[in-house]
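S.K.: Any chance you can model this:
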Amino acid sequence: MIPQRLFFRFFPIMMASLFPMATGAAYNYAEVMQKALFFYRAQESGTLPSDHPVIWRGDSGISDGKDVNLDLTGGMYDAGDHVKFGLPLASTVSVLAWAVYEFGDALPAELLNEILDIIKWNIDYFVKAHPAPNVFYYQVGNGNADHAFWGSAEVLEEVMTRPSYKVDAGNPGSTVAAGTALSFALASIIFETRDPPYAQTCLNHAEELFDFAYNTKSDAGYREATGFYNSFSGFWDEISAAAAWLYVKTEDPIYLTKAIEGTSYWGKACRNCPEWDYKWTHSWDDKHYMAQIVLARKTLNPVYKESVERNLNYWLPGGGITYSSGGQAHLDQWGSLRYSSNAAFLALIWANDGLCSQSQVKKYKDFAESQINYALGDNPRSSSYVVGFGNNPPKNPHHRTAHGAWFNDIKSPVDNQHVLFGALVGGPKSADDSYVDDRTDYVMNEVACDYNAGFFGALAGLYLEFPGSAGSILANFPSNYFVPEQNRDPEYFVRAIVGSSSGTGYSIVTQTSNRSAWPAKVLSGMHFRFFFSIAEVIGQGKSIGDFSFSTGTNEGGTLNGPFLYDAGSHTYYLEVSFATAIYPAGRTECERRFEFSINGPAGFDPSNDWSYTGLGSGFTYEPVDYSGLTSNIPVYDGSGVLLHGSEPLVCSAICGNGVLDSCELCDGSELGGMTCSGLGYADGTLSCDGSCQFDVSGCSSACVDPNKGVPCTGTTNCCSGVGNCSKGKPANRACQ
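M.R.: Predicted structure coming up:
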């Protein structure tokens, strides 16, 4: 016999077999759930584990709480922004835990373990945020400051401070305290058999926060979220929901009494109406739709059952809610798919409950299936509203880190750099099935933790309804589904142009860039090297001492050198370093300009200078594109690790064996034992193994690499019969 306290924990799964849906699943619900949980991983804040599945996310918010001498790291960012708002986050966690409570045993083991880990990640954060019985830090980050910046989470702390906000006995916040107590209460239930000590910790926090909320009964201190997450419904719905679940956990009748007490203060359907409001659904603000389901189960009072079904019937076709011609039950313009998904979740919970009127079971299930399938592609657009799933999914959700911007600009780059798999976008603003995939339209394209919560719960319910035909999770997800490295935009590089050029020197204008997004990184000590050769003046008795170097306009850089790089080819380099951090957060943050000049004696020719090669004369000074990008000016991080570009090969290291592996200056005496009075180039495709008989009689310093596009100047070809000055055998052609 199942104990009464756990009866309803398993009863939904028992009921599913009594009312199975008639046909197979229309979509791979397992895959959608898998991707929906990926979205939550992409939202995580704090120090991420080394095996974190989202490779374009890094540590962020690691100083959260330092302003109040606490560790408030962890948790999740709310939506496409980077504030940790307490009320919607608590709602998200409670809904995910509710989904596990109702349908968890039917989930694939991989998904169950993943969602439990996500719940625990956030519960651990709530534990940190509750350092004393009557103190709770309900928010980290200022909403206005945060929303004014468009960049990745990993660089946020370079841009702004992130203040911590609390409620306490003197400045209470019963809504957010009770809402978090609700999350703790549900966590204590779902971890009861999996991790009893952890479940007890959750229960302790749940009871303390509930007492804090109930004893103060005030939101006077819940101020910082105003304008973002106001508590329009008040705090009694959270008190009722938290008390109801605490009763499920403890069977202490005081909690049932307080849960019922709260119902006297729930919003009414209209002025002087006896019915509680039924023309909305469960949301981050209003928990009474959840509470009445639990109270219906625990009290068997028909008033709660009637209220539950009054609400669900309102959502059915003809029940009162507006339907689009394509079949969406449309409640509100902001996050319309979020509300229809939440209603679908409630419908599946109730339809699988023995208390549900049998005449309504199929209607509720059909409604839930239709709304979730609408979001997955059963709509007039035949398109998915879930990023990275199905046909024609959204590509540009309103999400800063997924966008991967470096310029503090919502429109640049044009397309998001990352696929935010599993994120449910807001959807149509109106009941007309219209939608535009436009990142700047945050009503249609906002994504949020609370959007995905009820959506995941409904998917879990549908997975239960279609045993054996609801699909399977993807293998090697997400590791095999990221943009391949070779197809990504460059992250670190130097853009450069020739500012001016004379017979004995030239000036270079550079922009050193950090446009990192895999993940975004703050780099101090970035530096680049500019390689140049003085080989052409060595025969004139000149040396590096005959050269001068100067700087022009620069943004915090320092010119160092010259440094000898390769004696065999007489190659040197200048190093330009930047002491201040460069990071992708705006024009002055992501790029540093630096101008310098090299001037030498007569005969100095830049055409054989590695880093001069390919430079043009113009690019956009604002970092909006990749004009002027060169691989021949390599860039390094502060530790000297090469980030982008390539260095010239060292001739002394590769020519001694008679083989040239790349286009390099080499002393002719090293080429297969042959001699040449001057210096020249050999191409990477050439073999100088000595079997090729060279005509070296006319070789001179004028011989240059044909790949450079510079012709010979009045000398005999180094390899006779070939119209260039290569000191070797061109690929696929024999020496004459």
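S.K.: Tell me what residue 630 is bridged to.
M.R.: Per DSSP bridges, residues listed as beta-bridge partners of residue 630: residue 494.
S.K.: just the helices in the stretch 551-700 of the chain please.
M.R.: Taking DSSP state H, counting those that start in this stretch to define them, one finds helices in the stretch 551-700 of the chain at 587-590, 651-654.
S.K.: ranges for the strands of the stretch 451-600 of the chain?
M.R.: Residue ranges of the strands in the stretch 451-600 of the chain, as given by DSSP state E, counting those that start in this stretch, are 492-502, 505-514, 527-533, 548-554, 557-566, 571-578, 591-599.
S.K.: Would you tell me which of the ones you listed gets closest to residue 195?
M.R.: Among the strands of the stretch 451-600 of the chain, strand 505-514 comes nearest to residue 195, with 42.0 Å by C-beta to C-beta. The C-beta positions use only the backbone N, C-alpha and C, and glycine is treated the same way.
S.K.: quick one: low-confidence ranges for the stretch 601-736 of the chain?
M.R.: Under the criterion pLDDT under 70, the flagged ranges of the stretch 601-736 of the chain are 651-736.
S.K.: quick one: low-confidence ranges for the chain?
M.R.: Filtered on pLDDT under 70, the chain yields the residue ranges 1-23, 651-736.
S.K.: let's see 50
M.R.: 1-22, 652-736 (pLDDT under 50).
S.K.: and the gap between residue 152 and residue 407?
M.R.: Look at residue 152 and residue 407: by C-beta to C-beta, to the nearest Å, they are 12 Å apart.
S.K.: Now do the shared contacts for the two.
M.R.: Counting by C-beta atoms under 8 Å, 6 or more residues apart in numbering, the residues touching both residue 152 and residue 407 are residue 584.
S.K.: out of these two, which sits in the more crowded spot?
M.R.: Set residue 152 next to residue 407 and count neighbours by other C-beta atoms under 10 Å: residue 152 wins out with 28 against 21.
S.K.: Next up, phi/psi of the more buried one, please.
M.R.: When read as degrees, to the nearest 10, the backbone of residue 152 gives phi -80, psi 160.
S.K.: So it is in contact with residue 400, correct?
M.R.: Yes: here residue 152 lies in contact with residue 400, judged by C-beta atoms under 8 Å, at a distance of 6.3 Å.
S.K.: can you confirm residue 443 is in a helix?
M.R.: Yes: when DSSP: H, G, I helix; E, B strand; the rest coil is applied, residue 443 is found to be in a helix.
S.K.: so residue 81 makes contact with residue 144?
M.R.: No: taking contacts as C-beta under 8 Å, residue 81 lies outside contact range of residue 144: 10.7 Å.
S.K.: Those two: which has the busier surroundings?
M.R.: residue 81 (24 against 9).
S.K.: Ok, which of the strands of the stretch 451-600 of the chain comes nearest residue 370?
M.R.: Nearest of those (C-beta to C-beta): strand 505-514, 47.6 Å.
S.K.: angle of the closest one against strand 492-502?
M.R.: Put simply, strand 505-514 runs at 160 degrees to strand 492-502, going by axes from the mean of the first three to the mean of the last three C-alpha atoms, to 10 degrees.
S.K.: in the stretch 51-200 of the chain, which spans are helices?
M.R.: 86-103, 109-129, 143-147, 156-159, 174-190, 196-216.
S.K.: Just name the most buried of those helices.
M.R.: When the helices of the stretch 51-200 of the chain are scored by mean count of other C-beta atoms under 10 Å, the highest mean neighbour count falls to helix 174-190 (a mean of 30).
S.K.: Only alpha carbons, please: show that helix as PDB.
M.R.: C-alpha atoms of helix 174-190 as PDB (Å, rounded to 0.1, in the frame of the first residue of the first chain):
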ATOM      1  CA  SER A 174       6.900  38.000   1.900                       C
ATOM      2  CA  THR A 175       6.300  37.300  -1.800                       C
ATOM      3  CA  VAL A 176       9.900  36.400  -2.700                       C
ATOM      4  CA  ALA A 177      10.500  34.800   0.700                       C
ATOM      5  CA  ALA A 178       7.500  32.500   0.400                       C
ATOM      6  CA  GLY A 179       8.200  31.900  -3.300                       C
ATOM      7  CA  THR A 180      11.700  30.700  -2.400                       C
ATOM      8  CA  ALA A 181      10.300  28.600   0.500                       C
ATOM      9  CA  LEU A 182       8.100  27.000  -2.100                       C
ATOM     10  CA  SER A 183      11.200  26.000  -4.100                       C
ATOM     11  CA  PHE A 184      12.900  24.600  -1.000                       C
ATOM     12  CA  ALA A 185       9.800  22.700   0.000                       C
ATOM     13  CA  LEU A 186       9.500  21.000  -3.400                       C
ATOM     14  CA  ALA A 187      13.200  20.300  -3.500                       C
ATOM     15  CA  SER A 188      12.900  18.600   0.000                       C
ATOM     16  CA  ILE A 189      10.300  16.300  -1.500                       C
ATOM     17  CA  ILE A 190      12.100  15.300  -4.700                       C
END
